[in-house]
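Asks: coords below, sequence missing:
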């Protein structure tokens, strides 16, 4: 009995020791994290790093002085050098020296998508930032509440997340008579009906289809009431202004971009308690997005820029007219029906009036236009600015600031000349499809939103050059010759080849049918065994001569209606095996190099643009991983039988959209990296436990990742905060 008892005691202590080890590992790798904080758990294992992420830039692009899209600007009423800007998905930044330098303030907050900024008129340390970018593109992402600081951005509160999450702020107005009284206009997140906007910019967030319109708070943003007495509450409110001489008079633009008979301009004269729709010459048909501005020196002078409603594809949203009222909105004159907004005014429509002269106004669309005679004539404002305007505001000295797809610019002479203020402002939006030179770790290629294809050539955040125009998409380096680089811009057939490291490009599209539907930026990839290339529209093309010519090798792989392949990957151990995803929710597998396909999954939601949502085990072509960029679904999936069956790997992963999945070729499929809408997570046990990877990466969407085995780095491309790198220990 004593011997048996001793054995039992020994076994007990052994079990306790094993439990302790398991518990320690579980504490390190098994804690479920809140995706809205950026602290992360520190891993000491070789694959879950405790190292700091390093910002690679660009900030700005060296040969253009541009950075990413600025969607909102706030200025101090007293200090002409104090600015706050909001990146479309880059968070809030602050400059105290007139834009010469910038500091990010909100990288740790739940969302980096910013739609509106308001600075208190009597205290420029009190700032409100409305999250969610109200520009309606597929990449105009949802918000997660209202941010407030009372100390100039050192500390922030997140307010009303339960009310506004899943939607976007288009404007915040603070009453000068009582700064606890706020007004906000709210829109849905981006996306077109052809893709169902709930699956695009909103990513299926539970609040995506909740109340819109105008809202009021009387306690500094803590609680809110929707304004619905005479005002639609189920349509996007695209702008909101206050009479500068009477805070009880407000105007709201209801500008549902797809059109609605209730679209128009509404006015309240009793502090938003009651509203009436204005007429008097305003259009009542084919009205889309509306922008408003009131003249500070003549409150009865109001300008309204109105674009047409867009169709299901996003086309048709051209300028309807710029209207002017001289009697507080009772009557209106059409003053400029010429084209300002191209065909996509749902994305870009903003207006501002000079603080000293009510006859001087600026309207931003594709370009910036100016009137000096109250709209009787207009001129195009030239300068070094980027196209696509989203924010216009005058600072405390009367200088005009503009925010566009290339950052923030300032004019000291009413638009005659401009200066870029983008030094250090790292808000570039990368798409999926980045690539790295196999021999030089400082050379990286990546496509960006409206800033073309960029090449990094050297250390630092400014060693990026613009090498191809348009919206940059996939990039790639020929496996057998690193001097041969491929890049693209939006649309079928806009693929280009360089034979000198990206210095010059020529088209590489012979044999492609340019009428093929595409996912805006068609994906392409190389066979890892040779120089064969694949390119995907709604079908697959193949080139066996390094892009000199192309042949269609498949039929339409989608359900039609303009759908296309949004991403694919080739199995490294068996290049005849290709996994592909379409933007109408299909996951497909080919085992014969793309000629025939089997459906592995259907009904998979996500982003309709280009993605890198698939990864294949480096040694087993039947094992593949799928990232799903959507809320409240299985967000990481794995197949071990070539797509016949799939299992979820979510386990303790927070409910957060997953945009990309990445493997390290030096390790087995148990080591997984994923890029989410809130940074990078990693698992070392096949997805059973997840934790944040590294420290210091902003809470922004990660659209792509690659492992650089030569330098032991994980490189992440973000939508709104440029590119980042961290050590793999």
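Replies: Sure, I can see it. Quick caveat: nothing in here was measured; it's all calculated off a predicted structure. Numbering: from 1, shown residues only.

Asks: Isn't residue 674 up against residue 661?
Replies: Yes: the criterion here is C-beta atoms under 8 Å, and residue 674 meets it with residue 661 at 5.2 Å. In this view, the C-beta of every residue, glycine as well, is placed from N, C-alpha and C.

Asks: which neighbours do the two share?
Replies: Contact criterion C-beta atoms under 8 Å, 6 or more residues apart in numbering; residues shared by residue 674 and residue 661: 627, 636.

Asks: Might you list the low-confidence residue ranges for the protein?
Replies: In the predicted model, the chain carries pLDDT under 70 at residues 1-49, 195-198.

Asks: go again using 90 as the cut-off
Replies: Applying pLDDT under 90 to the chain picks out residues 1-51, 192-199, 312-313, 337-338, 382-384, 459-460, 462, 529-531, 607, 729.

Asks: So what are the structural domains in it, by residue number?
Replies: Split into domains by automatic domain parsing, the chain comes to 38-56+428-719, 59-420.

Asks: Can you check the distance spanned by the longest one, start to finish?
Replies: I take that to be domain 59-420. Terminal residues of domain 59-420 are spaced 12 Å apart (C-alpha to C-alpha, to the nearest Å).

Asks: Equivalent analysis for stretch 438-457, please.
Replies: End-to-end span of stretch 438-457 (C-alpha to C-alpha): 13 Å.

Asks: now do stretch 226-240
Replies: Using C-alpha to C-alpha, the end-to-end distance of stretch 226-240 comes to 14 Å.

Asks: Give the buried residues for it.
Replies: 227, 231-233, 235-240 (16 or more other C-beta atoms under 10 Å).

Asks: all strands of the stretch 451-600 of the chain, in order?
Replies: Here the stretch 451-600 of the chain has its strands, by DSSP state E, counting those that start in this stretch, at 452-457, 464-468, 472-477, 485-489, 495-498, 506-507, 524-526, 533-536, 540-543, 551-552, 565-570, 578-582, 587-590, 598-601.

Asks: which strands and helices sit next to the last one?
Replies: Put plainly, it is strand 598-601. strand 587-590 (3 or more C-beta pairs under 8 Å, 6 or more residues apart in numbering; DSSP states H and E).

Asks: Determine how far the strand it packs on lies from the middle of the whole chain.
Replies: 28 Å (C-alpha atoms, centre = their mean, to the nearest Å).

Asks: follow-up on the earlier one: residue 729 is nearest to which of the domains of the chain?
Replies: Closest to residue 729 of these is domain 38-56+428-719 (C-beta to C-beta; 5.0 Å).

Asks: from what I can see residue 685 touches residue 672, true?
Replies: No: with contacts counted by C-beta under 8 Å, residue 685 stays clear of residue 672, the gap being 9.2 Å.

Asks: Comparing the two, which residue is more hemmed in?
Replies: residue 672 (25 against 15; other C-beta atoms under 10 Å).

Asks: in the sheet, who's paired with that one?
Replies: residue 663, residue 683 (DSSP bridges).

Asks: Against which helices or strands is the strand or helix carrying residue 408 packed?
Replies: Using DSSP states H and E, the element containing residue 408 is strand 407-411. Here strand 407-411 is seen to pack against strand 70-75, strand 400-404, strand 419-420 when contacts are counted using 3+ C-beta pairs under 8 Å, 6+ apart.

Asks: mind listing what the nearest residue to residue 385 once chain neighbours are set aside touches?
Replies: Once flanking residues are discounted, residue 385 sits nearest to residue 409: 4.9 Å by C-beta to C-beta, 6 or more residues apart in numbering. Shown in contact with residue 409 (C-beta under 8 Å, 6+ apart): 383-386, 401-402, 418-421.

Asks: Going through these, which ones are buried?
Replies: Counted by 16+ other C-beta under 10 Å, those give 383, 385-386, 401-402, 418-421 as buried.

Asks: Turn the residues you listed into CSV, including distance to residue 643.
Replies: Formatted as CSV, these follow (distance: C-beta to C-beta, whole Å):
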residue, distance to residue 643
383, 52
385, 48
386, 42
401, 51
402, 49
418, 53
419, 54
420, 48
421, 50
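
Asks: Out of these, which is nearest to residue 362?
Replies: Nearest to residue 362 among those is residue 402, at 8.0 Å by C-beta to C-beta.

Asks: Tell me, how many residues neighbour the nearest residue to residue 421 once chain neighbours are set aside?
Replies: The shortest distance from residue 421 to any residue other than its chain neighbours is 3.1 Å, reached at residue 99 (C-beta to C-beta, 6+ apart). By the criterion of other C-beta under 10 Å, residue 99 has 25 neighbours.

Asks: Report the secondary structure element holding residue 50.
Replies: Per DSSP H and E, residue 50 falls between elements, in no helix or strand.

Asks: would you turn the domains of the chain into TSV with distance to residue 725?
Replies: As requested, these are exported to TSV (distance: least, C-beta to C-beta, whole Å):
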stretch	distance to residue 725
domain 38-56+428-719	5
domain 59-420	14
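
Asks: Of all the ones you listed, which one comes closest to residue 728?
Replies: Short answer: domain 38-56+428-719, nearest of these by C-beta to C-beta, at 4.7 Å.

Asks: Check the offset of the closest one from the chain's centre.
Replies: 17 Å.

Asks: And the residue lying closest to residue 516 once chain neighbours are set aside, how far from residue 566?
Replies: Once flanking residues are discounted, residue 516 sits nearest to residue 537: 3.5 Å by C-beta to C-beta, 6+ apart. Residue 537 sits at a distance of 11 Å from residue 566 (criterion: C-beta to C-beta, to the nearest Å).

Asks: can you check residue 388 too?
Replies: Taking C-beta to C-beta as the measure, residue 388 falls 23 Å from residue 566.

Asks: out of these two, which sits in the busier spot?
Replies: Between residue 388 and residue 566, residue 566 has the larger neighbour count (other C-beta under 10 Å), namely 28 against 22.

Asks: burial of residue 647, as a residue count?
Replies: 11.

Asks: Backbone dihedrals for it, please?
Replies: Dihedral pair for residue 647: phi -120, psi 150, per degrees, to the nearest 10.
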